[in-house]
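Trainee: mind looking at a prediction? Sequence and model below.
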Amino acid sequence: MADASTGTDDECLNPIGIELWLGQALLIVGIVIGIYLAASVGFRETNRYAKREDLFQARRSLGFVRQEFEANLATLRAFRDRTKDKKGGASLPLPVRTSYLEAASAQPYMVLVDRALLMEMTRLMTGYPFALLWTDTEKLPKKFVVGEEHAFEICAEALEHAEKTILPKLAAEEKALDEAIANLEKAR
């Protein structure tokens, strides 16, 4: 019997060395793949959460903008009815508020909403010919300075445009945002 210390070179090689290094290499590859998969899933979930939050904020802001717009339309209707009945509506101060509209338009998540719709709403409440009804072009409440007949025509045109064009577009935009939120939740 040969002593283990007097063996040949082939017998002295440690057979565990290659398996150890191969195991270590596979372990490192497995760790890298695991980190990559975890990071990609985390990144995907973070993006989904950010998109959901943006959609939710855009929908919520659009709801506030709708309420503000409808309040402005109610003020216009009251003025139109007073001028139509010759009850001195031309001296009625009309508070047109666009604070939600202006604040919402400046938010980055509002890129999800049709910009043309927001601009059309702003133009209707503060632009020509509506601005002719104020003593100056500020968006703060002012008294009418034009004749009652002309003021009635401007209000009637603005209300007709709002009811036939803007409100349906606004409802469609809200519905689209609601569907996008539902689809995102469903994809989860």
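Mentor: Perfect, I can see it now. Residues are numbered from 1 along each chain as shown.
Trainee: drop to CA atoms for contacts and neighbour counts, all remaining ones
Mentor: Will do.
Trainee: biggest helix in the chain, by residue count?
Mentor: Taking DSSP state H as the assignment, the helix of the chain that covers the most residues is helix 16-84.
Trainee: now the next helix or strand after that helix: mean pLDDT?
Mentor: Per DSSP states H and E, the first helix or strand lying C-terminal to helix 16-84 is helix 99-105. Mean pLDDT, helix 99-105: 86.
Trainee: 42 is where my numbering starts, stick with that
Mentor: Right, with 42 as the first residue, what we last looked at is helix 140-146.
Trainee: hmm, who's touching helix 140-146?
Mentor: 102-103, 105-106, 109, 151, 159, 163 (C-alpha atoms under 8 Å, 6 or more residues apart in numbering).
Trainee: Ala228: which of those residues is nearest?
Mentor: Met151 (22.6 Å; C-alpha to C-alpha).
Trainee: pLDDT below threshold where in this structure?
Mentor: For the chain, the stretches flagged by pLDDT under 70 are 42-57, 126-136, 169-191, 229.
Trainee: grab the most central residue of it for me.
Mentor: Nearest residue to the geometric centre of the chain (C-alpha atoms, centre = their mean): Ala99, 2.7 Å.
Trainee: run a quick neighbour tally on Gly64.
Mentor: Using other C-alpha atoms under 10 Å, Gly64 has 12 other residues around it.
Trainee: can you check Arg100 too?
Mentor: By other C-alpha under 10 Å, neighbour count at Arg100 equals 23.
Trainee: my guess is it contacts Glu215. True?
Mentor: Yes. Counting by C-alpha atoms under 8 Å, Arg100 touches Glu215, with 6.4 Å between them.
Trainee: please enumerate the shared neighbours of these two.
Mentor: Common contact partners of Arg100 and Glu215 (C-alpha under 8 Å, 6+ apart): none.
Trainee: one step back: wait, doesn't the residue nearest to the centre of the chain sit right on Pro149?
Mentor: No. In this structure, Ala99 is not within contact of Pro149 by C-alpha under 8 Å, at 9.2 Å.
Trainee: hmm, back to that, mark which of the contacts of helix 140-146 are buried, thanks.
Mentor: For the contacts of helix 140-146, a burial check counting by 16 or more other C-alpha atoms under 10 Å picks out 102-103, 106, 109, 151, 159, 163.
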